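**Student:** could you look at this predicted model? Sequence included:
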Amino acid sequence: MKFNISIIAFAFSFLIFGCKNEGSKSKQSDKNGGTFVMAEDNHIATLYPLSITSQVEGLVASQIFECLVRLDAKTLEVIPGLAEKWEISSNGKLITFHLVKGAHFQNDPCYPDGKGPEITTRDVKFTLENMATKTENNYQFNTILKDRLVGVNDFFDKKASFISGLKIIDDYTFSLELENPSLSFTKLLANPAVALINEIAYKAYGQNLKTGAGPFIYDASSTKEKIILVKNPDYFLKDSAGNALPYLDTLIVLITPSIEDGLSLFENEKIDLINTLPSLRVKDVVEKNIKEFVSHPPKSLLQREPEMFTQFYVFNTKQKPFDNPQVRQAINYAIDREKLVDNVLQGQAIGAAVHGITPNTFSGYDIKKIKGYDLDVEKAKKLLAEAGYPNGKGFPEVRILVNSGNSRNSTVAVELQKQLKENLNINVNFESLPNVQKYELQMHGKSDLYRDAWVADFSSPESFLSLFSGDGVPVDFETASFPNTSRYQNATYDINFKKGRDANNKDTSYAYFMKAEQVLMDDAVIIPLWYEGSYRLLTNNVKGLYLNAMRYYDFTKAYKVK
């Protein structure tokens, strides 16, 4: 049975971002001080911008590093970062950026005098060229720069010694020439993968780089289980009154063994925020704390809203028998997603994913027009028989990899295991591994099916559909494939995706994206399961922090009151 909460009201106060260093001496606000602690259940493999593959890695990296632009945590629209302003040409292909003057990298022993140097266009050039350099762990080039920036493909392929679309005008001004007008390019520049890095720091630390220009400094006492970030006293942003940002002294991210452990920490007032409640505890948490939630003021705030977040399983489309679309379609038709949401998730989802991978969170993008998969056992059996496996005869045992840390993942796998045995006579085994280990195997095609999920990097269906672009998929399993871990390649999909990506207006873009998504669903590359709407708990003494559908966190103006 679904459990809905309709009586809980919550409100978050937030402030308008300061965007510019006015050059005056920083003042100290009465909001300064304090420590904010949050819990996540996935370990961090890296904080090097080009190697980030998970939401929690991006969360931490975006506090340490700083991009040319940022996102407004309330609207998720682009606002100034290290670029204080920019102009776009009338044809939409040329963007001229103006850097903030007086912004510095964090102080670090790697610099000759220990003082972080001023950020200039030299750092922009190094950052973009570094992203456009082919290395084993550069997972971001294909998504962000390839086919977008003029000359960048030739630079990546070593056919050119410079990126022709990058023009350095002076120390604080540069321009980027795009192959096509883009609705998403500036949003992509807010991704921590494109954070500016300093050449001296990179040469000192390589892919172990943990120093940037962000609001918080990585503390060397951090461990795998406890990431400690301390205030950057020289951060360039200030609030509207000229007070130094960030307000917080310390930001701590605890990596807990499970979300159940995270909830226990919250209940014992050890942390300030938990992003996901255990499915079986939602009703209990609300009923036990209902008086607290509606008190004046409440001790803690409970939030639930549709997120730009979809849960799914992804097929290894290069491995038999899952290289056959009929097999993948059969499995999709054999799954009762409504039962999964109601009985297993206890209603902790916005809805069963019976359409596609894109959640219903983008205005103008009607996912109901995407034909996905409802339960149809007879059709599933027919498709499997046509693929050569009548009643599952001769079908190999299926291996699924799921990540540990959230008991829900194993519970869902058990339910799918049961449904596929009952409906198709297919035997399924699953293995639960730490996410870092699981994803490494997934990128190298080491299983049949993988539990996966995607939180939008920016507010567009493109963020979801980019996962299946066939460009750059390696021919061998020894080379990691990211973000397309399905290794799916379909020329029709790619054509429509690229037309949507390169369209210069939203309606045209969305029309092509919908065509691409329908191809994806017809080919049954994934098993969409549900659209996420997790419950989040935040202590009420935290102000200035806006929780949004993208799980994008801006802690620069967060502070705590007694």
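**Tutor:** Happy to help now that I have it. Small disclaimer: the values here were computed from a predicted structure and weren't measured. Residues are numbered from 1 along each chain as shown.
**Student:** where does the stretch 251-400 of the chain dip in pLDDT?
**Tutor:** Within the stretch 251-400 of the chain, the stretches with pLDDT under 70 are 288-296, 347.
**Student:** can you give me the helices for it?
**Tutor:** Secondary structure of the stretch 251-400 of the chain, counting by DSSP state H, counting those that start in this stretch: helices at 259-267, 282-293, 325-333, 337-339, 377-386.
**Student:** now do the contacts for Phe395.
**Tutor:** Residues in contact with Phe395 (CB atoms under 8 Å, 6 or more residues apart in numbering) are 321, 384, 389, 424-427. C-beta here means a position set from N, CA and C on the backbone, and glycine is covered the same way.
**Student:** other SSEs contacting the helix or strand hosting Glu87?
**Tutor:** In the assignment (DSSP states H and E), Glu87 maps to strand 83-88. Under the contact criterion of 3 or more CB pairs under 8 Å, 6 or more residues apart in numbering; DSSP states H and E, strand 83-88 touches strand 94-99.
**Student:** Provide the contact partners of the strand it packs on at residue level.
**Tutor:** Against strand 94-99 from outside (CB under 8 Å, 6+ apart): 68, 82-89, 119-121, 124, 169, 171-178, 185-186.
**Student:** at 7 Å what do you get?
**Tutor:** 68, 82-88, 119-121, 172-177 (CB atoms under 7 Å, 6 or more residues apart in numbering).
**Student:** what ranges do the helices span in the stretch 451-562 of the chain?
**Tutor:** Ranges of helices within the stretch 451-562 of the chain are 462-465, 491-502, 506-522, based on DSSP H, counting those that start in this stretch.
**Student:** contacts for the first one, please.
**Tutor:** Right, the one you point to is helix 462-465. So helix 462-465 is contacted by 184, 310, 357-358, 454, 456-457, 497, 500-501, 513, 516-517 (CB under 7 Å, 6+ apart).
**Student:** same check on stretch 144-159?
**Tutor:** 131-132, 134, 141, 160, 162-165, 176-179, 182, 185, 188, 191, 193-194, 471.
**Student:** measure it end to end?
**Tutor:** Terminal residues of stretch 144-159 are spaced 20 Å apart (CA to CA, to the nearest Å).
**Student:** rounded mean pLDDT for it, please.
**Tutor:** Averaging pLDDT along stretch 144-159 gives 97.
**Student:** spit out the contact partners of Lys499.
**Tutor:** Counted by CB under 7 Å, 6+ apart, Lys499 has contacts Tyr512.
**Student:** and it, how far is that from Lys515?
**Tutor:** 8 Å (CB to CB, to the nearest Å).
**Student:** and Tyr531, by the same measure?
**Tutor:** 21 Å.
**Student:** one more: Ile252?
**Tutor:** 45 Å.
**Student:** could you do Lys93 as well?
**Tutor:** 24 Å.
**Student:** can you map out the strands along the stretch 301-450 of the chain?
**Tutor:** Remark: strands assigned in the stretch 301-450 of the chain by DSSP state E, counting those that start in this stretch are 309-315, 351-352, 398-403, 428-433, 449-455.
**Student:** cheers, nothing more for now.
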